[in-house]
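Asks: Everything below, folded, please.
(chains A and B)
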Amino acid sequence: GAVVSQHPSRVICKSGTSVKIECRSLDFQATTMFWYRQFPKQSLMLMATSNEGSKATYEQGVEKDKFLINHASLTLSTLTVTSAHPEDSSFYICSARGQGKNGYTFGSGTRLTVV
Amino acid sequence: RKEVEQDPGPFNVPEGATVAFNCTYSNSASQSFFWYRQDCRKEPKLLMSVYSSGNEDGRFTAQLNRASQYISLLIRDSKLSDSATYLCVVNQAGTALIFGKGTTLSVSS
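Replies: A predicted model of the protein is given here:
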């Protein structure tokens, strides 16, 4: 079945630093990648949608200059949290959709803690 | 108003119990409906799709009422391993999945 590998699974960083999260589709071409974050006891909230080779579309309230999304290839998408602050601490998870596929494949998530 | 609303629970039930979760969605253009399961600190996993005719998968039965924009999940003969958060999810074709906040189920022996 379709697999998306997400790394790192857990990261602790200092306030003000940047963190890059990678999602790789291992056995299919991910034409669309959705990035979500989930705060404790909250739902998964869509942050942005990226199509390979195009700029990401961000949801209202999500700062595109703070959450940089790159989807330069059909197998790799990255989310960089720039100048992270404690309020960015959350569970970040990607979901990939391949061309012609109806299913959504999730990465295993990244738990970010900013101290 | 949130796009997908669920009773957060928690639902605390004994093994063998039958439990039902409900969900409403606000976007009448929604086309696809799902129940996902999420274990603590893990990614959500598809439990089942939901169809207008209703569908069953073993101990799990899902129902959809498009007119009232209401989705339900029934779990019969609850097992300890059913303890998790159940997420109601909707979307339109090709777009992102929209998640409810989830309903927490705790099954005890």
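
Asks: Let me see the contact set for the residue nearest to B:G102 when sequence neighbours are not counted.
Replies: Counting by Cβ to Cβ, 6 or more residues apart in numbering or on different chains, B:G102 lies nearest to B:T85, which is 4.1 Å off, once chain neighbours are set aside. Glycine gets a C-beta too; all of them are placed from N, C-alpha and C. Residues in contact with B:T85 (Cβ atoms under 8 Å, 6 or more residues apart in numbering or on different chains) are B:37-40, B:102-105.

Asks: For B:T85, identify the helix or strand it belongs to.
Replies: Assessed by DSSP states H and E, B:T85 sits inside strand B:84-91.

Asks: Could you pull up the mean pLDDT of that strand?
Replies: Averaging pLDDT along strand B:84-91 gives 96.

Asks: so what strands line up beside it?
Replies: strand B:32-38 (antiparallel), strand B:98-99 (antiparallel), strand B:103-108 (antiparallel) (DSSP bridges).

Asks: Burial check on the closest residue in space to A:A72 that isn't next to it in sequence, number of neighbours?
Replies: Spatial nearest neighbour of A:A72, excluding adjacent residues (Cβ to Cβ, 6+ apart): A:G53 at 7.2 Å. The tally of other residues near A:G53 (other Cβ atoms under 10 Å in any protein chain shown) stands at 10.

Asks: repeat for the one 5 residues further on
Replies: Applying other Cβ under 10 Å, we find 19 residues neighbouring A:Y58.

Asks: That one against A:D65, yeah?
Replies: No - using Cβ atoms under 8 Å, A:Y58 makes no contact with A:D65, being 9.9 Å away.

Asks: Around chain B, which positions in chain A sit nearby?
Replies: A:32, A:34, A:36, A:41-46, A:49, A:91, A:93, A:95, A:97, A:103-104, A:106-109, A:111 (Cβ under 8 Å from any Cβ of the partner chain).
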